[in-house]
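Model the following, please.
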Amino acid sequence: MKASPCSTKFAITKCLFSLIAVVLASSNLAHAQSQAIPQEAIDEAKRLGLTKDSPIPPNFYQMAPNTHYSATPPANFPVAVYKSNVTRTAFVNSTKGAPAANLTIVTKDPATNVNQFYLSALRGGSWTVQAPTPEALAKMGAPGSIYMLQGTRNKERVVVNIFAVPGSPPSTNISVNWSVGY
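From the prediction side, this is the model:
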């Protein structure tokens, strides 16, 4: 029997964060496949029967040791939380080892608005911010459809990925990955 790509202790938290992104942020698995979600995470989501409309099995988070899941981030989450026109959120964090967390948000707002919010919030929070050039982003998708930000502060690191999801109605998926000791 082939081992699950999420079976090793080293990969379990990273894979769980990817699965959360697939299930809660992507409009569907086909869309997730067009994004930067690892194929093994998509395969694992399919194997577990997870889709955007399926409930998460009660034991799903028990499969990943040393993690905690909630629908919203704690009040002391060190990165600003986008709150305008939010339709769905999920939060998962490590409970043992190096601190790490993933916040997934879906909003009805345009990706450009979300990007401006996170640029301003990170800079205002004393993060050193890096972002790809508009030319580099244009190679990954239509202008205004994808944004990536990386911030560092002391020993903290945050990566914010923002994807516009076409459809009726359109939405924007936000993934905020935070860690210490990068």
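
alpha carbons only for contacts and neighbour counts from here, please
Noted.

quick one: the helices in the protein?
Along the chain, the segments classed as helices by DSSP state H run 9-20, 29-34, 39-47, 111-124, 134-138.

Now for the closest residue in space to Glu156 that isn't next to it in sequence, how many residues are close by?
Nearest residue to Glu156, sequence neighbours excluded (CA to CA, 6 or more residues apart in numbering): Val180, at 4.4 Å. Using other CA atoms under 10 Å, Val180 has 15 other residues around it.

same deal with Ala101?
Neighbour number of Ala101 under other CA under 10 Å is 24.

Now it: closest residue in space that isn't a chain neighbour?
That would be Asn93: by CA to CA, 6+ apart, it lies 4.0 Å from Ala101.

one step back: what distance do you get for the residue nearest to Glu156 to Lys83?
Using CA to CA, to the nearest Å, we find Val180 at a distance of 24 Å from Lys83.

Next: Ile146.
19 Å.

ok, these two, which is more surrounded?
Ile146 (22 against 12).

now that one, nearest residue through space, not along the chain?
Once flanking residues are discounted, Ile146 sits nearest to Phe163: 4.7 Å by CA to CA, 6+ apart.

can you pull the contacts of the nearest residue to Val176 once chain neighbours are set aside?
The spatially closest residue to Val176, leaving aside those adjacent along the chain, is Val160, at 4.6 Å (CA to CA, 6+ apart). Residues in contact with Val160 (CA atoms under 8 Å, 6 or more residues apart in numbering) are Tyr118, Met148, Leu149, Gln150, Ile174, Ser175, Val176, Asn177.

and what of Lys139?
If a contact means CA under 8 Å, 6+ apart, then Lys139 has no contacts.

Out of the contacts of Val160, which sit inside strands?
The subset of these located in strands under the criterion DSSP state E comprises Met148, Leu149, Gln150, Ile174, Ser175, Val176, Asn177.

The fourth one against Ile162, yeah?
Meaning Ile174. Yes. Shown here, Ile174 and Ile162 form a contact pair, counting by CA atoms under 8 Å, at 4.7 Å.

Could you tell me how many residues sit around Thr72?
15.

Quick check: pLDDT value at it.
At Thr72 the predicted local confidence, pLDDT, stands at 89.

Also Arg153?
At Arg153, pLDDT is 95.
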